[in-house]
Every structure is written in C-alpha cells, then in structure tokens.
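>>> Here's my sequence, what's the structure:
(one chain, ligands or ions: 3)
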Amino acid sequence: MKNKFNYGLIGKKLTHSFSPFIHNEFFKAQGIAGEYKLYEFDRDDIENKLQYFDDIGVIGINVTIPYKQDVMKFIDEISEEVKSIGAVNTIKFKDGKSTGYNTDYLGIKETFIINNVTVKEKKVIILGTGGASKAVIACLEDMGVRDIVLISRNPDSVISTYKVDSYENLHRYNSYEILINTTPVGMFPIIDVSPIEEKYIKGREFIFDLIYNPSRTRFLQYAMKNGVKCSNGLYMLVIQGLKSEEIWNEIIIPPDAVKEIFDICLKEKNSEKNIVLIGMPGSGKSTIGRIMSGKLGLKLIDCDEMIEKKAGKSISEIFKDGEDYFRNIEEEVLKEISMEKRCIISTGGGAIKREENIFSMKYNGTIYFIDRDVDKIYNDIQGNNHRPLVEKKEQLVKLYNERKDIYEEVCDFLIDNNGNIDDTINSIMREEGKV
Ligand SMILES: Nc1ncnc2c1ncn2[C@@H]1O[C@H](COP(=O)(O)OP(=O)(O)O)[C@@H](O)[C@H]1O
Ligand SMILES: O=C(O)C1=C[C@@H](OP(=O)(O)O)[C@@H](O)[C@H](O)C1
Ligand SMILES: [Mg+2]
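Ligands and ions are numbered 1, 2, ... in the order given. Take a look at the predicted model:
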C-alpha cells in the first residue's frame, strides 16, 4: 500500500512536461501528501490503464495530447463543458466511477481575466481548429464574444458553427480585436517560425499564444514589437493544473495561493532561460560572462569564439572577407544558441544589427544591456586590435550613437557597467533572483 495520494498525467510523449512541477508545488503549499507521476503509453492501452488507475486508488489524472478525445469513451460521466468542447483533460476517480472534465477552458478564461481583457462583444480570430481551439471557443462563448472566425490550413474539411477561413484570407478580418494561436507553430524545437505574418498582428487589442516553450514565440515577439498586449500559455497551464486539483480534492484554492504558486512556476521557467549579454564592443560582455558562468556554474557561450571556430579563423581574418560574411556566420551561430537552456551567452556588439538575431536571443533568453561609457571602453581596449570595427575612437563613438537606442529597446534590463565589475555582476544576479 502506498501512503501517498496518487495523481498523474497520461499522454504519448511526456518527457518535457512541466505539470509535475506545478502539482508538486501545489502539494507543498497545501500540505498534501500527494505524488504526481507521468504515465506514457500507447493508444491501445488507454482502457486498461484507466481501469488500473481506478483499481490502485489513483485520485485524479490529467490527459494530454493526443488522448484528450480518446479517453472519453472509457469514462462513466462527462461534465457540461466537455459536452461542448469534446475533449477531456481531467479525470476524477471516486466511488468506483470516473468523471471527465475540461479545465483547459478555465485556464484560458483566467488568462483573459488576469490580462484585463474584455471578451464581451469582441470579435476573435482563432488560428487552428484542434482540441485546444474548441476549448477556446467554449470559453469565448461563456464570456460573451460577438464573433469568431477559425483560420485553418484546410478550411473545407472543418465542421463548425462558426466561419472557417484560410490563412490567405486573414486580411478580411482586420477589424477583429483579439487573435489567438492554438496551433503548435513556433513551439520548441522549431521556434523560428510564426503561424502568421507580423502585419496581421499590428493594431490588435490582445494576442494570446497557447504555447509556453519558448516563453517568447516569434508570434508573441511580433506583438511585443508593436506594443500589442499579449500572453503566452504558461498562466493557462498553471491554472488548468490547479483547477484539476480543485476538482480532485473538492476544494477552492484562494486567489493568493494561486498567485503564489504561479509566481514560483514563473520563477522556475525564468531560471531555465539563457542570460544574454548585449552591448558595445569592449563593454565587458565576455569578461562578465566568464565570471558569472563560474559563479553560477552555468555553461558559457561566447558568440565570437563560436564564430571563429565555425570559420576556422580569427575575427579580423573573417572581416577581410567583408562584414556581411561575418554577420552571416553570426546569424547562424545565434540561431543555434537560441535552442539552449540555462546558459550564459556573451554576444558580439553587432549582434543586434540583424532583426533575425534579436528574435533568436529573445525566444528563450533574458537580455541584459551592458552599458559602459565610450571613453572607458576606449581606454580598456587600447593596444588591443582584435576588433576591426573600432580601431579608432571616432569609429567607437559613431557605433555607440548608431546602436545605443537599439540596445536599450531590445534589452529586458539595462545594466550600468561604469563602476566596479563585481557590482555589475551583482546587478545581473539580483535580476536573476540569485542574490
Ligand atoms: N567595470 C569594469 N571595470 C574595469 N574594466 C572593465 C569593466 N568592464 C569591462 N572591463 C574591461 O574591458 C575590456 C573589454 O571587455 P570584454 O569583456 O572583452 O568586452 P566585450 O566582450 O563586451 O567586447 C576587458 O579588459 C575588461 O576587463
Ligand atoms: O560590435 C561589433 O560589430 C563587433 C563586436 C565584436 O565583439 P565584442 O563586442 O565582444 O567586441 C565582434 O563580434 C566583431 O568584431 C564585431
Ligand atoms: Mg566579447
């Protein structure tokens, strides 16, 4: 006999799931002796496994892709929202009976609420027509939506009471205020894509991407660039998990406790992000990166070193074939680095010159602008001529004037590096929650 209450998640491939973290934080906060496990198995096994969970006294199960519809035929009862959504993400076993619920839909609803978005009387575009899309529709209907259009790659094959249209016809819906991505386009590991072009994001009132890995998809970055309010799917994920716990344990988790658990989850997710250092050549990025990597025990990636390795020659040698040649290699290197987790990345000063690089740095990175006065930089790098673009002071000043605004705009945090370098490092560690 186990002395812990059992819960878990079923699906086909679960290795990257964040759910155990969420539920374990909930157990800690509520003092519940619970255990949340991952159960991967094939479709043919669903019926047997559900019976087995019931037999061994499992209290509740979450269901993820691709079994949210499959489980329905093996459940004794389904709740009202499941009838309209047609998918189950939560099963409760009690008194020999299993009941299916959908808490994704509540996670979606709470995302609108926390972002102060009014859905009532609004027109909404939904990208994708799968299970998640149905949960979004149920939620929007509940909140009094005025109109919905579903955008699909194969509009003719979709059955819905709402309008279904193709991506080519998105221009017809410019007056729709809210835009939601329920497709997996942009999700790790293929992150450098967006389901739609930037021009379709400008001017909307709210953009919601159900994806939470990477934390800033390209789709969301288009929104941020254009000053459009937006959210990724992390809040939805945490809320659906906690709503499942409410059902299983027959409790209501107070808003303060929800906030506390979400903040812990967000901190955990943020600590998986890369620390990306940007700034002028000679501002201290490589030096700071090296020291921090030692202090935090995190892997260090110096882009210039990677570029040299890739090209098989020094930066100065690469520049002899032109700046474009250097920038092409730099772009490739930054794309590779964007797939990393928990690394410290010192970029070259010109990394911000290509917009593509800015996307790469932001997918899964927190960006720190290391700001140091030009005079100090000039003194530091005297007699050190491995920087072909800043051999003369005028060049350095010119570069600074060209780039300062971009560094400021791109960064999440501006870090002053005009004092002691240890203080600079402490400022970054503070933002990272490490001191
Ligand atoms: N706060 C600081 N105080 C003293 N020297 C600094 C400071 N920040 C950077 N430096 C020095 O400036 C020089 C250039 O730094 P580096 O890390 O190579 O810059 P980057 O990688 O940004 O080009 C190094 O000699 C470094 O020690
Ligand atoms: O500012 C730039 O355009 C450059 C900065 C250098 O890196 P540091 O910033 O580490 O000096 C290096 O990538 C290359 O010389 C180009
Ligand atoms: Mg450097």
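
>>> near ligand 1, which residues of the stretch 251-400 of the chain show up?
279, 281-287, 346, 372, 380-381 (Cβ under 6 Å from any ligand atom). Backbone N, C-alpha and C define where each C-beta goes, glycine included.

>>> now, which of the residues you listed lie within strands?
Secondary structure defined by DSSP state E assigns residue 346 of those to strands.

>>> Same list, the residues of the stretch 251-400 of the chain next to ligand 1, but as CSV with neighbour count, pLDDT and distance to residue 33 please.
Formatted as CSV, those follow (neighbours: other Cβ atoms under 10 Å; pLDDT from 0 to 100; distance: Cβ to Cβ, whole Å):
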residue, neighbour count, pLDDT, distance to residue 33
279, 27, 98, 49
281, 22, 96, 56
282, 22, 95, 56
283, 28, 97, 52
284, 23, 97, 49
285, 29, 98, 48
286, 19, 96, 49
287, 18, 97, 49
346, 26, 98, 45
372, 22, 98, 53
380, 13, 90, 57
381, 17, 87, 59
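
>>> Export the residues of the stretch 251-400 of the chain next to ligand 1 as JSON lines, with columns for distance to residue 189.
What follows is those, written out as JSON lines (distance: Cβ to Cβ, whole Å):
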{"residue": "279", "distance to residue 189": "29"}
{"residue": "281", "distance to residue 189": "32"}
{"residue": "282", "distance to residue 189": "35"}
{"residue": "283", "distance to residue 189": "32"}
{"residue": "284", "distance to residue 189": "32"}
{"residue": "285", "distance to residue 189": "27"}
{"residue": "286", "distance to residue 189": "28"}
{"residue": "287", "distance to residue 189": "32"}
{"residue": "346", "distance to residue 189": "24"}
{"residue": "372", "distance to residue 189": "36"}
{"residue": "380", "distance to residue 189": "39"}
{"residue": "381", "distance to residue 189": "38"}
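
>>> Could you tell me which ones among the residues of the stretch 251-400 of the chain next to ligand 1 also sit near ligand 2?
281-282, 285-286.

>>> out of those, who's nearest residue 294?
Closest approach to residue 294 among those (Cβ to Cβ): residue 286, at 13.1 Å.

>>> Please list all residues in contact with the closest one.
The neighbours of residue 286, taking Cβ atoms under 8 Å, 6 or more residues apart in numbering as the test, are 302, 304, 346.

>>> Same question for residue 123.
Contacts of residue 123 by Cβ under 8 Å, 6+ apart are 145-149, 173, 175-178.

>>> Next, format those as JSON lines and append pLDDT and distance to residue 194.
Output for the contacts of residue 123, formatted as JSON lines (pLDDT from 0 to 100; distance: Cβ to Cβ, whole Å):
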{"residue": "145", "pLDDT": "98", "distance to residue 194": "24"}
{"residue": "146", "pLDDT": "98", "distance to residue 194": "26"}
{"residue": "147", "pLDDT": "98", "distance to residue 194": "24"}
{"residue": "148", "pLDDT": "98", "distance to residue 194": "21"}
{"residue": "149", "pLDDT": "98", "distance to residue 194": "18"}
{"residue": "173", "pLDDT": "98", "distance to residue 194": "17"}
{"residue": "175", "pLDDT": "98", "distance to residue 194": "21"}
{"residue": "176", "pLDDT": "98", "distance to residue 194": "17"}
{"residue": "177", "pLDDT": "98", "distance to residue 194": "19"}
{"residue": "178", "pLDDT": "98", "distance to residue 194": "17"}
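
>>> Buried only: go through the residues you listed for me.
Buried members of the contacts of residue 123, counted by 16 or more other Cβ atoms under 10 Å: 145, 148-149, 173, 176-178.

>>> For these, name the two members farthest from one another.
145 and 173 (13.8 Å).

>>> which SS class is residue 399?
Judged by DSSP: H, G, I helix; E, B strand; the rest coil, the three-state class of residue 399 is helix.

>>> So what's the residue count around it?
Residues lying near residue 399 (other Cβ atoms under 10 Å) number 17.

>>> likewise residue 133?
23.

>>> Filter the contacts of residue 123 down to the ones in strands?
Counting by DSSP E, these contribute 147-149, 178 to strands.

>>> out of these, who's nearest residue 74?
Of all these, residue 74 sits closest to residue 148, with 30.9 Å by Cβ to Cβ.

>>> what separates the helix or strand encompassing residue 309 from the chain centre, distance-wise?
Take DSSP states H and E as the rule and residue 309 turns out to sit in helix 303-311. Distance of helix 303-311 from the chain centroid (Cα atoms, centre = their mean, to the nearest Å) equals 28 Å.

>>> and it, what does it pack onto?
The contact analysis (3 or more Cβ pairs under 8 Å, 6 or more residues apart in numbering; DSSP states H and E) places helix 303-311 against helix 315-319, helix 323-337, strand 343-346.

>>> Could you rerun that using 6 Å?
helix 323-337 (3 or more Cβ pairs under 6 Å, 6 or more residues apart in numbering; DSSP states H and E).

>>> now check the helix it packs on, is it near ligand 2?
No. Counting by Cβ under 6 Å from any ligand atom, ligand 2 has no neighbours in helix 323-337; the shortest distance is 6.6 Å.

>>> Tell me how many other residues surround residue 153.
13.

>>> what separates it from residue 135, distance-wise?
Using Cβ to Cβ, to the nearest Å, one gets 20 Å for the distance from residue 153 to residue 135.

>>> show me what contacts residue 273?
Residue 273 makes contacts with 364-366, as judged by Cβ atoms under 6 Å, 6 or more residues apart in numbering.

>>> what's the spacing between it and ligand 1?
21 Å (Cβ to the nearest ligand atom, to the nearest Å).

>>> do the same with residue 431
Applying Cβ to the nearest ligand atom to residue 431 and ligand 1 gives a distance of 17 Å.

>>> isn't that residue right up against residue 414?
No. Here residue 431 does not reach residue 414: they are 10.5 Å apart, not a contact under Cβ atoms under 6 Å.

>>> who touches both of these two?
Common neighbours of residue 431 and residue 414 (Cβ under 6 Å, 6+ apart) do not exist.

>>> Tell me which residue is most central in the chain.
residue 215 (1.7 Å; Cα atoms, centre = their mean).

>>> Residue 165 belongs to a helix?
No. Counting by three-state DSSP, residue 165 is not found in a helix; it is strand.

>>> got the contact list for it?
By Cβ under 6 Å, 6+ apart, the neighbours of residue 165 are 149, 151, 155.

>>> what's around residue 342, how many residues?
Count around residue 342 with other Cβ under 10 Å applied: 14.

>>> Offset the numbering so it begins at 14, please.
Right, with 14 as the first residue, what we last looked at is residue 355.

>>> Could you check the pLDDT of it?
Note for residue 355: predicted pLDDT of 95.

>>> need the contact list for it.
With Cβ under 6 Å, 6+ apart, residue 355 has these contacts: 285, 311.

>>> Give me the local confidence score for the residue of the stretch 64-213 of the chain found nearest ligand 2.
Residue of the stretch 64-213 of the chain nearest ligand 2, by Cβ to the nearest ligand atom: residue 205 (21.2 Å). Residue 205 is assigned a pLDDT of 97 by the prediction.
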